[in-house]
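**Q** Build me a structure from this.
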Amino acid sequence: MARKLAAAGVRNVTPCLLDLTRTPPPADTYDLILCAMALHHVDDVRHILGTFAGMLRPGGWVALADLLTEDGSFHGAGAVPHNGFDPRELAGLLSGAGLVNAAWHGVHELQRNGRSYPVFLLTAQRPNAGQQRKGQASAAPS
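**A** As a prediction, the model looks like this:
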């Protein structure tokens, strides 16, 4: 990722490779945390989302791209802790972690073994000082 950013001339992004299931989060805070197609591999989703929320600066965003709930055929039975997610449930966990303005929509479909697996993008924001919490926003996948 660092090489790609450098090749593109992007100088205001610093990629971080972290295993937050095994190590504590860094002391730094971030404007954006992106988790792409990894959340379904994490056992304790509530904990990791709370960790993400704590790593954000006020006004910062978390963006989660992952599979919609599926029958387990994407990876195979028992291969991962979660067979995708209902984005509304994840939005609720993010709200419980103090994030606001949660919204999601379908963004892609992965093809595997002759099947299509929908992928969603869910975003939520850490409130700025004085920002009032708003209700959860959600959308159906496209």
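**Q** For Asp44, give its distance to Ala129.
**A** As defined by CB to CB, to the nearest Å, Asp44 lies at a distance of 29 Å from Ala129. Every C-beta, even on glycine, is put in place using the N, C-alpha and C of the backbone.
**Q** Repeat that for Gly84.
**A** 35 Å.
**Q** just Ala27 next, same as before
**A** 20 Å.
**Q** Contacts only, for the residue sitting furthest away from the middle of the chain.
**A** Seen from the C-alpha centroid of the chain, the residue lying at the greatest distance (CA atoms, centre = their mean) is Gly114, 26.4 Å away. With contacts taken as CB atoms under 8 Å, 6 or more residues apart in numbering, Gly114 has no neighbouring residues.
**Q** pLDDT value on it, please?
**A** Looking at Gly114, its pLDDT is 92.
**Q** cool, the one 3 residues further on as well?
**A** The predicted local distance difference test score for Tyr117 is 97.
**Q** Same check on Ala97?
**A** Ala97 is given a pLDDT of 96.
**Q** how close does it sit to Leu56?
**A** From Ala97 to Leu56 the distance is 10 Å (CB to CB).
**Q** and Lys4, that one's in a helix?
**A** Yes. According to DSSP: H, G, I helix; E, B strand; the rest coil, Lys4 belongs to a helix.
**Q** So for Asp44 and Ala129, which residue has more residues nearby?
**A** More neighbours surround Asp44 than the other of Asp44 and Ala129, with 11 against 6 (other CB atoms under 10 Å).
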